[in-house]
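Novice: Pasting a predicted model and its sequence here:
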Amino acid sequence: MNLYRSLLWWLALAALGALGWSWFAQDLGDVVVRFRGLTYTTTLAYLVIAWGLLWFSLWGLWWLLQLPIQAWRRHARQQARNRLVSGLEAMHQGRWQRAESLLAKAAEDSVVRTPALLGARRAALAAGNAEGAALHQAALLAHDASCAALEQASALSDLGRYEDALASLDTLANPLPPRALLLQARALAATGRAQDAVPHFSRLRQEQALPAEQLTALEEELAAAALDQAHAATQLQRWNAHPLRLQQAPAVAAAFARRATAVGFETQGAQALADAIDAHWDEALVGLYGRLHARPDTPRVERAQAWLPAHGNSPALLVALGRLYFQQQQWAKAESYLHRALAQGAGAEAWEALGDTLAAQNDSTRASLAYANALRTGRSESTLQLDGRSLREQIADQAVAELRNEHGMPLLPP
């Protein structure tokens, strides 16, 4: 393609010269130059040709003079690129001092200065050379301010200085690059402004700033943080505007339930949590379902009882039922479910709830044992024997529901 263009260029010049000569041939004209008593006479055509030859000669002389300089520049640029490659390889191998030295020398070439300074700074930090890292950062700031601001924001975020990171990102021109958007979104969430970070997510997905799984996790993290940080009830009333996949995400549903309960929407919070559990069984959500404070008319016990046929061996569900019956002051049922939860492997939380239930029945001796067992379980120590359960009740507590696979074949319990 370049050869074809050069050929066309020379053909065009030849045609232009032929046209010019045919025009000059009709009348060559006369040019008279007098200078210090001397007179020069020639034709206009020859004067133009002579002038062109003069300029061509001067250009050729200048080109010849530039050859050594250009050759030196090409050599220096190639050397800088070789140092950049060698420095990056040294970084990959963990040879931090060698990497910093090579990359600092490579930064002498303006073409590769930005990546070389970035690498040199990171190599200096990896080697524990804080002073060298600061010098490279200052050089990067003088050469490429936007790149230096992004690198500084990343470093500040790693140190937990999110306000300073946001201030550094504010110096960048819009639209922000994907990495800056990601840093800004996480910094906003960390400083209590997750609601402002949520709109960034569409661009992050469009730019494919993270793998699909990590993007989904980030979306759930931002949505949960925005709900946790919601100050007004009106923000919670927009819960149904969230996509169904977010409403069913455990972290998001838990955040909404906690916040809704805190501002007086107990029924909505429990309903959202139960819907998420129905969609994807999650032991942590079930435990939260039992710990939520709700009005007595909230039908949480009935919803939890509906899960028993499929998850009768779940310690979290049994503890949740014990707590729910405790809230309704049905002490016998609460104690029964908590004993069964302990038999199915529940831990300190179940012992503490059992202690509360026994204390509510004025059984201080057994309540003290239950509280002691809660502490001992937290310290991974053996528990004390708690009397008051018959052998038949203990066998019933240990009983597990039969598990079958999709073909109806019995399975051993996990």
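Specialist: Done, it's in. Numbers count the residues shown, from 1 in each chain.

Novice: in the stretch 151-300 of the chain, which spans are helices?
Specialist: Under the criterion DSSP state H, counting those that start in this stretch, the stretch 151-300 of the chain contains helices at 162-169, 178-190, 194-197, 200-207, 212-228, 233-236, 244-247, 250-262, 266-279, 283-291, 300-305.

Novice: And those: which comes nearest Thr357?
Specialist: helix 283-291 (12.9 Å; CB to CB). No exception for glycine: its C-beta is placed from N, CA and C like everyone else's.

Novice: which stretch in the helices of the stretch 151-300 of the chain is the model least sure about?
Specialist: By mean pLDDT, the lowest-scoring of the helices of the stretch 151-300 of the chain turns out to be helix 233-236, with a mean of 67.

Novice: Okay, Ala223 and Pro315: tell me how far apart.
Specialist: Taken as CB to CB, to the nearest Å, the spacing of Ala223 relative to Pro315 amounts to 28 Å.

Novice: quick one on the thing from earlier: would you mind finding the most buried of the helices of the stretch 151-300 of the chain?
Specialist: With neighbours defined as mean count of other CB atoms under 10 Å, the helices of the stretch 151-300 of the chain peak in mean count at helix 250-262, which reaches a mean of 23.

Novice: and the angle from the helix or strand hosting Ala148 to helix 162-169?
Specialist: Ala148 is part of helix 145-158, with elements assigned from DSSP states H and E. Regarding helix 145-158 and helix 162-169, their directions subtend 170 degrees when assessed with axes from the mean of the first three to the mean of the last three CA atoms, to 10 degrees.

Novice: where does Leu318 land on pLDDT?
Specialist: Predicted confidence (pLDDT) at Leu318: the value is 91.

Novice: any idea what sits nearest the residue most central in space within the chain, other than its immediate chain neighbours?
Specialist: Within the chain, the residue whose C-alpha comes closest to the C-alpha centroid is Leu182; the distance, by CA atoms, centre = their mean, is 5.2 Å. The shortest distance from Leu182 to any residue that is not its chain neighbour, by CB to CB, 6 or more residues apart in numbering, is 5.3 Å, and that residue is Ala209.

Novice: what about Leu188, distance to Ala197?
Specialist: Between Leu188 and Ala197 the distance, using CB to CB, works out to 4 Å.

Novice: what do you get for Arg121?
Specialist: Using CB to CB, we find Arg121 at a distance of 27 Å from Ala197.

Novice: Ala90 too?
Specialist: Plainly put, Ala90 is 37 Å away from Ala197 if you go by CB to CB.

Novice: do the same with Leu244
Specialist: When distance is defined by CB to CB, Leu244 is 22 Å away from Ala197.

Novice: now do Trp72
Specialist: Trp72 sits 51 Å away from Ala197, taking CB to CB as the criterion.

Novice: Repeat that for Arg98.
Specialist: If you measure Arg98 against Ala197 using CB to CB, the figure is 40 Å.

Novice: can you redo the helices of the stretch 151-300 of the chain as TSV with distance to Ser6?
Specialist: Formatted as TSV, the entries for those read as follows, by distance: least, CB to CB, whole Å:
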stretch	distance to Ser6
helix 162-169	48
helix 178-190	42
helix 194-197	55
helix 200-207	41
helix 212-228	49
helix 233-236	67
helix 244-247	59
helix 250-262	64
helix 266-279	68
helix 283-291	72
helix 300-305	81
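
Novice: who touches the nearest residue to Ala346 once chain neighbours are set aside in this structure?
Specialist: Leaving aside its chain neighbours, Ala346 sits nearest to Pro315 (3.9 Å; criterion: CB to CB, 6+ apart). With CB atoms under 8 Å, 6 or more residues apart in numbering as the criterion, the residues that contact Pro315 are 283, 341, 344-347, 350.

Novice: Now the buried members of these.
Specialist: Neighbour counting over the contacts of Pro315 (16 or more other CB atoms under 10 Å) leaves 283, 341, 344, 346-347, 350 as the buried ones.

Novice: Out of these, list just those in helices.
Specialist: When DSSP state H defines the helices, the subset of those inside them is 283, 341, 350.

Novice: Which residue, neighbours along the chain excluded, lies closest to the second one?
Specialist: Just to be clear, that refers to Ala341. For Ala341, the closest residue by CB to CB, 6+ apart turns out to be Leu318, at 3.5 Å.

Novice: State the number of residues packed around that neighbour.
Specialist: By the criterion of other CB atoms under 10 Å, Leu318 has 29 neighbours.

Novice: Just the element for it, please.
Specialist: Using DSSP H and E, Leu318 falls within helix 315-327.

Novice: Now do that helix against helix 266-279, angle only.
Specialist: Comparing the axes of helix 315-327 and helix 266-279 via the same axes, to 10 degrees yields an angle of 160 degrees.

Novice: quick one: helix 315-327 to chain centroid distance?
Specialist: Here the centre of helix 315-327 is set off from its chain's centre by 37 Å, with CA atoms, centre = their mean, to the nearest Å.

Novice: what does stretch 260-279 give?
Specialist: Relative to the centre of its chain, stretch 260-279 is centred 28 Å away, using CA atoms, centre = their mean.

Novice: ok, residues contacting that stretch?
Specialist: Applying CB under 8 Å, 6+ apart, the external contacts of stretch 260-279 come out as 233, 236, 239, 247-250, 252-254, 256-259, 282, 285-286, 288-289, 292-295, 298, 300, 303, 307.

Novice: Then stretch 85-97?
Specialist: Here stretch 85-97 makes contact (CB under 8 Å, 6+ apart) with 98-103, 106, 116, 119-120, 122-124, 126-127.

Novice: Closest one of those residues to Gly192?
Specialist: Arg122 (30.5 Å).

Novice: can you tell me the helix or strand for that closest one?
Specialist: Arg122 belongs to helix 113-126 when assigned by DSSP H and E.

Novice: helices and strands around the very next helix or strand once past that helix, which ones?
Specialist: From helix 113-126 onward toward the C-terminus, using DSSP H and E, the following helix or strand is helix 130-143. Judged by 3 or more CB pairs under 8 Å, 6 or more residues apart in numbering; DSSP states H and E, the packing partners of helix 130-143 are helix 113-126, helix 145-158.
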